[in-house]
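Participant: no FASTA, just this:
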């Protein structure tokens, strides 16, 4: 299909279909947290190391940020000019989602990305596991030094209509997103990149807890 074909711009649920290894990595991290909570620290560390896979690394690197140099990116990030977009308000870009909004969004969406559907994990959980298992959960200053699965499953809060295009910093405009979907979507309007509005699909019910049980559940887990 070429960009000239109408079906090329048919709205997609997400920028890239998630790979099976993402769900396998989530299962390994889930097992690792269970092992840790039962006192089996060796098995926990082994599970965390196993989740840091090359295929997950390749997936996240193919999407990480709008300046990605990977040749596949232009396939995943399709961009076109769209008339009548909201007026740009770049000064709004730095606004943060407050804690109350984050809680309300997670209460509604759970811990699954509203775009691609993969499990997500709050940064606070990752930071706790890094402190507990520094040799198994790396999180340095570069992408290559960061644990691939914790990168890919990193819980983000995406503004469906970007702040930079006048979107509201509200529960109605914010959805749970994985890092890849959030960073690759950047400040583009959904119409520009051919992605369907996730708010038109009901959130998926799931027992995935974002590994927040490590910190005593969502009520005690900073989001």
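Facilitator: Yep, it's here. Just so you know, these numbers come straight off a predicted model, no measurement behind them.
Participant: right, and residue 181 touches residue 112 too?
Facilitator: No - Residue 181 is not in contact with residue 112 according to C-beta atoms under 8 Å; the separation is 11.3 Å. (Glycine included, C-beta is placed from N, CA and C.)
Participant: What residues does the residue nearest to residue 157 when sequence neighbours are not counted make contact with?
Facilitator: In space, residue 157 comes closest to residue 97 once its chain neighbours are excluded; the distance is 4.6 Å by C-beta to C-beta, 6 or more residues apart in numbering. With contacts defined as C-beta atoms under 8 Å, 6 or more residues apart in numbering, residue 97 is in contact with 105, 157, 169, 174.
Participant: Which pair of those residues spans the longest distance?
Facilitator: Taking every pair in the contacts of residue 97 and measuring C-beta to C-beta, the maximum separation is 11.3 Å, between 105 and 169.
Participant: Check which element follows the longest helix seen in the chain along the chain.
Facilitator: As assigned by DSSP state H, the longest helix anywhere in the chain is helix 20-37. Remark: after helix 20-37, the chain's next helix or strand is helix 41-51, criterion DSSP states H and E.
Participant: Quick check: buried residues in that next one?
Facilitator: 44-51 (16 or more other C-beta atoms under 10 Å).
Participant: any idea of the mean pLDDT for the next helix or strand after it?
Facilitator: Where DSSP H and E defines the elements, the next helix or strand beyond helix 41-51 is helix 54-61. What helix 54-61 shows for mean pLDDT is 93.
Participant: So which residues make contact with helix 54-61?
Facilitator: Residues contacting helix 54-61 (C-beta under 8 Å, 6+ apart): 16, 18-19, 21-22, 25, 68, 70, 143, 148-149, 151-152, 179-180.
Participant: Strands of this structure, start to end?
Facilitator: Counting by DSSP state E, one finds strands in the chain at the ranges 155-159, 174-178.
Participant: Can you tell me which of these is packed in deepest?
Facilitator: Most buried of these by mean neighbour count (mean count of other C-beta atoms under 10 Å) is strand 174-178; its value is a mean of 26.
Participant: Which neighbouring elements make contact with it?
Facilitator: Where contact means 3 or more C-beta pairs under 8 Å, 6 or more residues apart in numbering; DSSP states H and E, strand 174-178 is packed against helix 99-109, strand 155-159.
Participant: can I get those in a markdown table with distance to residue 192?
Facilitator: Output for those, formatted as a markdown table (distance: least, C-beta to C-beta, whole Å):
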| stretch | distance to residue 192 |
| --- | --- |
| helix 99-109 | 23 |
| strand 155-159 | 14 |
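Participant: now these as JSON lines including mean pLDDT and distance to residue 215?
Facilitator: Supplementary listing: these in JSON lines, determined by pLDDT from 0 to 100; distance: least, C-beta to C-beta, whole Å:
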{"stretch": "helix 99-109", "mean pLDDT": "96", "distance to residue 215": "14"}
{"stretch": "strand 155-159", "mean pLDDT": "97", "distance to residue 215": "13"}
